[in-house]
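1. Predicted coordinates and the sequence they were generated for:
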Amino acid sequence: MVLAYADVPRRLNLVPDLKPSILVLQPNGSLNASNSHDLQHELEQALEQATETVLVDLLWVEAIDACGIAALVAGLQYAAKLGKFLSFQSMKDCDRCALETTWAHQQEMSAGAWTHTFSCTFESFLDHFSHA
């Protein structure tokens, strides 16, 4: 996995504790059961180091199985816990769909299923109002 820094200060000797605002990870090969734990660890470390965002460039990733998706979702959860952003770039459509489905399922499990909070009459009012 390649780790790239963005916004690296030019005078490191003047501000030794300054952390990068953006970190870029570039995994390659397959993200699967044999390396998903390492991926999750790398994501967590990058999220702790970056002050704002971790960008994961998946251009060189050939395949992602369920364990790889689970590691990415765990990264999203950790980013949310830290109040940081985690972005996946160059992801194949089928992998993105699997990630979004798994993420939505995790959100539903932690927050509960969404229910209608408005009465039928209020929804009717909104429908009428929007068509007026």
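-> Yep, that arrived.
2. For this protein, which segments count as helices?
-> 36-49, 66-82, 93-111, 120-131 (DSSP state H).
3. ok now stretch 32-40, how far from the chain's centre?
-> Relative to its parent chain, stretch 32-40 has a centroid offset of 16 Å by Cα atoms, centre = their mean, to the nearest Å.
4. shaky segments in the chain?
-> For the chain, the stretches with pLDDT under 70 are 1-17, 112-127, 129-132.
5. Counting neighbours, which bits of stretch 89-96 end up buried?
-> By 16 or more other Cβ atoms under 10 Å, the buried positions in stretch 89-96 come out as 91, 95. Quick note: C-beta positions are derived from backbone N, CA and C, even for glycine.
6. for stretch 76-84, same thing?
-> Result for stretch 76-84 [16+ other Cβ under 10 Å]: buried residues 76, 78-79, 84.
7. Would you mind giving the residues you listed as CSV with distance to residue 94 added?
-> Formatted as CSV, the buried residues of stretch 76-84 follow (distance: Cβ to Cβ, whole Å):
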residue, distance to residue 94
76, 18
78, 24
79, 23
84, 27
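8. which one of the residues you listed is nearest residue 38?
-> Taking Cβ to Cβ as the measure, residue 38 lies nearest residue 78 of those, at 14.9 Å.
9. Name all residues that make contact with that closest one.
-> By Cβ atoms under 8 Å, 6 or more residues apart in numbering, the residues touching residue 78 are 43-44, 47, 86.
10. Let's see that with 7 Å instead.
-> By Cβ atoms under 7 Å, 6 or more residues apart in numbering, residue 78 lies in contact with 43-44, 47.
11. Please apply the same query to residue 43.
-> Residues near residue 43 by Cβ under 7 Å, 6+ apart: 54, 75, 78.
12. Could you do residue 55 as well?
-> Each residue near residue 55 by Cβ under 7 Å, 6+ apart is listed here: 22, 24, 87, 89.
13. rewinding a little: what's the closest of the contacts of residue 43 to residue 18?
-> Set against residue 18, the nearest of the contacts of residue 43 by Cβ to Cβ is residue 54 (16.9 Å).
14. Now that closest one. Nearest residue, chain neighbours left out?
-> residue 46 (4.5 Å; Cβ to Cβ, 6 or more residues apart in numbering).
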